[in-house]
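Colleague: With the input below, show me the fold.
(chains A, B, C and D)
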2 protein chains.
Amino acid sequence: MSLKDELRPWFDGLPEPVLERLSDMLKFKAFAPGEQIFVQGTEPSAIYFLIEGHVKTVRVTPEGYESILCVRRPGEFFCPVTVLDGGPELGTAIAMTEVRALYADRDEFVALCNESPELLAIVQGACLTEVRDLIRRLEVFAFRSVRERLAFAILTESRRQADSSGNPNELRLTRQELGALVGASRESVSRTLVQLERDGVVELGRGIVIIRDRRKLEKLAGF
Amino acid sequence: MSLKDELRPWFDGLPEPVLERLSDMLKFKAFAPGEQIFVQGTEPSAIYFLIEGHVKTVRVTPEGYESILCVRRPGEFFCPVTVLDGGPELGTAIAMTEVRALYADRDEFVALCNESPELLAIVQGACLTEVRDLIRRLEVFAFRSVRERLAFAILTESRRQADSSGNPNELRLTRQELGALVGASRESVSRTLVQLERDGVVELGRGIVIIRDRRKLEKLAGF
DNA sequence: GAGCTTATGTGATCTAGATCACAGAAGCCG
DNA sequence: CGGCTTCTGTGATCTAGATCACATAAGCTC
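Modeller: Coordinates of the predicted model:
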């Protein structure tokens, strides 16, 4: 199957010639676990299309606290915001697993966006989704307990995983990473998850959380 | 001065004919303090251009907690996100003072955006700014104390006020509203502000916070 | 298997901040 | 003016969650 055909499901509705030109400008690159793809604050030089593996975008505060902005999964491209505004990278992208990705030079890609309103609309749409997601997350951060924030994060990530045709019930995140995702300490996450396991909501493993009772989780998260 | 000329500074770089058509589609409306301009979750029917007064966009959780998404000031239009994606309103917009605003029908405005890439880029840019602002805010929420969150919020609002050619040192926000902005209780905000007043950082009044020592504030906020 | 490194559970403490409960103040408007 | 409502300060109490301090445990590599 040609690259162009592989891209099609990602860019549904994109005119054939645009798809063609896009696939022509893409190059392949692999990353090892832990490897940095780009660094917070630097000028964005490319847009990445994730084929395989997971990538986290993290921000580190001056005190050394690490917070995870988002986890990217196969089928996603990043970062839509920096592609459009050309501003500094919002976070540092780190491969969580073996990663296979395609990438395009940002300038080239932007040029193509300016010629194709359809492509621009797709990137724009991704940004708008991010705004809506961030607002929900902010609300959860402001008023809810670690237990509820965790439930929310697990469900959210689970859904994103389902969207990328992964197993929606198995989340490969360490307690540390979950903490960075919900703004809590590793210990609190650990204790809370053990509690949730006792309640039959999840099942725990080393570096993994398995969802057992989605209904209870949704109730907790306030969905 | 014609409406078109009044609009010009808001839409710097917009081609003359587009500006003309935009000014033709605008209508005037005034709101009394406390009046709702639109409601969270409803379908957006218009885009508003704020001429005078302040507008807060709030979200209310099922338990009755109120959080403020943002405060709009003269020279801003809202909400760029719902204009572009047509999704449900992100929050309920409430006039905080006497408000004078212009508004355009969303469909008409979107049609104009589709004809003018320059106009689209302006609205898009506002969305991208929102993403970056939200991310910073999320980070502050996750790891910092009420004291630091307050300093951050006061500075941020101060800057936005300066941008709308208001007095950047006088913030007309109640303790309650500041709490809704930083995710803290009214009491905590009150106590913390009194402390900051003792330290000579701010001066307090009924429904107002006056910045006295911007430098200290910036240090606290982590700027 | 020995010896790493990384991920995890869990007890003991300590504190920021929520919550409850009032009392003053400052504006309103009749 | 007196009686509203809205905003504010402040004490007392209580608890979620951070932090510190270990002890495992599970993989990995040689």
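Colleague: So which bits of stretch A:74-94 are buried?
Modeller: Under the neighbour-count criterion of 16 or more other CB atoms under 10 Å in any protein chain shown, stretch A:74-94 has A:74, A:76-85, A:89-94 buried. The way it works is simple: take the backbone N, C-alpha and C, and place the C-beta from them, glycine included.
Colleague: Of those, which belong to strands?
Modeller: Using DSSP state E, the members of the buried residues of stretch A:74-94 that fall in strands are A:Phe77, A:Phe78, A:Thr92, A:Ala93, A:Ile94.
Colleague: Is the fourth one in contact with A:Glu76, as I believe?
Modeller: Going back to what we said before, that points to A:Ala93. No - look at A:Ala93 against A:Glu76 with CB atoms under 8 Å: they stay out of range, at 11.5 Å.
Colleague: Chain A - how does it break down into domains?
Modeller: If the domains of chain A are taken from automatic domain parsing, they occupy A:3-136, A:144-221, with pieces of a single domain joined by a plus sign.
Colleague: The first one close to chain B?
Modeller: Put plainly, it is domain A:3-136. Yes - Domain A:3-136 lies within reach of chain B by CB under 8 Å from any CB of the partner chain, at A:59, A:61-63, A:65, A:67, A:69, A:81, A:84-85, A:87, A:90, A:114, A:117, A:124-125, A:127-128, A:130-132, A:134-135.
Colleague: mean confidence for that domain?
Modeller: Here the mean pLDDT over domain A:3-136 is 94, rounded to a whole number.
Colleague: Closest one to DNA strand C out of the ones in strands among the buried residues of stretch A:74-94, please.
Modeller: For DNA strand C, the closest of those turns out to be A:Ile94, at 11.8 Å, with distances computed as CB to the nearest atom of the strand.
Colleague: Up against DNA strand D, what does chain A have?
Modeller: Within chain A, the residues that sit near DNA strand D (CB under 7 Å from any atom of the strand) are A:Ser145, A:Val146, A:Arg147, A:Gly183, A:Ala184, A:Ser185, A:Glu187, A:Ser188, A:Thr192, A:Gly205, A:Arg206.
Colleague: So which of those residues are in helices?
Modeller: Judged by DSSP state H, helices contain the following of the residues of chain A next to DNA strand D: A:Val146, A:Arg147, A:Glu187, A:Ser188, A:Thr192.
Colleague: Need the buried ones from those residues selected in ChimeraX.
Modeller: ChimeraX command restricting these to the buried ones, with burial defined by 16+ other CB under 10 Å:
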select /A:146,147,188,192
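Colleague: pull the longest helix from chain A.
Modeller: Selection of the longest helix in chain A by residue count, based on DSSP H, yields helix A:117-143.
Colleague: A:Gly87 contacts B:Thr129, doesn't it?
Modeller: No - contact criterion CB under 8 Å: A:Gly87 and B:Thr129 do not qualify, at 9.4 Å.
Colleague: thinking again about what came up before, for the longest helix of chain A, enumerate the helices and strands it packs against.
Modeller: Helix A:117-143 makes packing contacts with helix A:16-25, helix A:80-85, helix A:106-115, helix A:146-163, strand B:66-72, helix B:80-85, helix B:117-143 when contacts are defined by 3 or more CB pairs under 8 Å, 6 or more residues apart in numbering or on different chains; DSSP states H and E.
Colleague: wait, which of those is closest to B:Arg172?
Modeller: For the helices and strands packed on helix A:117-143, distance to B:Arg172 was read as CB to CB. The smallest value, 9.4 Å, belongs to strand B:66-72.
Colleague: Max pairwise distance over the residues of chain A next to DNA strand D: which two?
Modeller: The most widely separated members of the residues of chain A next to DNA strand D are A:Ser145 and A:Arg206, with 25.4 Å between them, by CB to CB.
Colleague: Those two: which is more packed in?
Modeller: For A:Ser145 versus A:Arg206, the count of surrounding residues by other CB atoms under 10 Å in any protein chain shown is larger for A:Ser145: 13 against 6.
Colleague: For that one, what are phi and psi?
Modeller: Per-residue torsions, A:Ser145: phi -70, psi 170 (degrees, to the nearest 10).
Colleague: what about it, distance to chain B?
Modeller: Using CB to the nearest CB, to the nearest Å, we find A:Ser145 at a distance of 12 Å from chain B.
Colleague: same thing with A:Arg172?
Modeller: When distances are taken as CB to the nearest CB, A:Arg172 and chain B turn out to be 22 Å apart.
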